Every structure is written in structure tokens, then in C-alpha cells.
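>>> just need the structure, nothing else, for what follows:
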Amino acid sequence: MSQTLYLLRHAKAEPWSPGSNDFERALAQRGHDHMQHLSAWAQEKLPAPESALCSSSLRTRETLLPLLGIWPRLSKGTTYLDEIYEASAGSLHALAGQAFHSSESILMVGHNPGFEQFLLGVLHDLDAAKITKMATGVLAVIEFPNGYDHVCGQGLLRHWVKRKDLSIRAC
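Now for the predicted structure:
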């Protein structure tokens, strides 16, 4: 039983400033623009995931919004979780495992460094060796041919979509 994980790091956010609430940082215009392009790409290239787990921070919710526009049924299957914010790779692994008990494909939207570490831990070594950095707005689509329960380094990277892959002009 094959299962698929869509792992999306939030798009470019407004810069953090001392005294501001990091959890409530919004996307920068560049991040909004990127998500419009990424959503158009996803609509053309990917089937909608069955469910989504999204950090409840403002920038991750804003990152997810354009995808909910192209995959409206996903809205009902979306859960916003405070625990994805600053989550460790182990915590993310556990959350994904729980979600895969009821879905064959899930989208997770969150933050580094946890997302990058989680990604490297689930990918097959040959695919992990290709990854140098999970920048803002990167979407990784990972397939687990034998299911997520057998995940330890067995994920196959099917898509690695970066800003420059979407032909977006620099701002």
C-alpha cells in the first residue's frame, strides 16, 4: 500500500524584529506570490491530498490558503496544530504516522529546522543526498511504496519544487 507525504515549508515571511511575536508573522508579498505560482503548479501536477496538518502560525495558515483554493475538499480534512510550530523531527514523524492511519496522502505545512530534519530522516539515502537545504516555500512530495509504517529511510522523492522551478521573477 503506497502512501504519499506532501511536505511544505511555509513561504517567505515578513522579517522578524525584536519584540515582535514570531508566531504571528505574516507572509511577505514574495511569499504570497510564490504560493499562487506553486498552487497553479500543484493543480496541474498533483492529486489533492486526503488530509492536511498545518502549524497554526499565521505564515503557515497563509501558505496553505491558496492550496485550499485549488483543493476545496481538503478544507474539511485540515487540522491546525500548535505543536507543529518548533516541532522536532521525531514529533513530526509521530504526527505523520497518526495521520497515515486514516489517509493515504497527507500534506504537512510547517517550519524549519524540524521539517528539513524530518525530510532527511524519511528519505532514501540516494534522495537525501540531493537535498542541501529546505528553503522557504519548498514543496517535497515523498512516496512510501510500502506504506509509512516502514518509513525508516524508505521514502522516494517524487517532486522537489523550489521558487526558481516556478519561473517567478525576483522581487
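
>>> please make it C-alpha for all contacts and neighbour counts, starting now.
Fine.

>>> which SSE is immediately downstream of the helix or strand bottoming out on mean pLDDT in the chain?
Lowest mean confidence among the helices and strands of the chain (mean pLDDT, DSSP states H and E): helix 125-128, at a mean of 91. Next helix or strand after helix 125-128 toward the C-terminus (DSSP states H and E): strand 139-144.

>>> now the angle from the helix or strand following that following strand to strand 139-144?
Where DSSP H and E defines the elements, the next helix or strand beyond strand 139-144 is strand 156-161. Here strand 156-161 runs at an angle of 170 degrees relative to strand 139-144 (axes from the mean of the first three to the mean of the last three C-alpha atoms, to 10 degrees).

>>> buried stuff in strand 156-161?
The neighbour-count check on strand 156-161 (16 or more other C-alpha atoms under 10 Å) flags 156-157, 161 as buried.

>>> out of those, which comes closest to residue 54?
Relative to residue 54, the closest of the buried residues of strand 156-161 is residue 161; by C-alpha to C-alpha it sits at 18.7 Å.

>>> just list the residues touching the closest one, thanks.
Contacts for residue 161 (C-alpha atoms under 8 Å, 6 or more residues apart in numbering) come out as 138-140.

>>> helix or strand for the residue sitting furthest away from the middle of the chain, which one?
The centre of the chain is farthest from one residue, residue 19, which by C-alpha atoms, centre = their mean lies 27.7 Å away. Residue 19 is part of no helix or strand when elements are defined by DSSP H and E.

>>> contacts only, for the residue nearest to residue 83 when sequence neighbours are not counted.
By the measure of C-alpha to C-alpha, 6 or more residues apart in numbering, the closest residue to residue 83 outside its immediate chain neighbours is residue 55, 7.1 Å from it. By C-alpha under 8 Å, 6+ apart, the residues touching residue 55 are 61, 80-85, 109-110.

>>> which of the residues you listed sit farthest apart?
Distance extremes for the contacts of residue 55: the farthest pair is 61 and 83 at 13.9 Å, using C-alpha to C-alpha.

>>> name the next helix or strand downstream of whichever helix in the chain runs longest, please.
As assigned by DSSP state H, the longest helix anywhere in the chain is helix 29-45. Counting by DSSP H and E, the next helix or strand C-terminal to helix 29-45 is strand 51-55.
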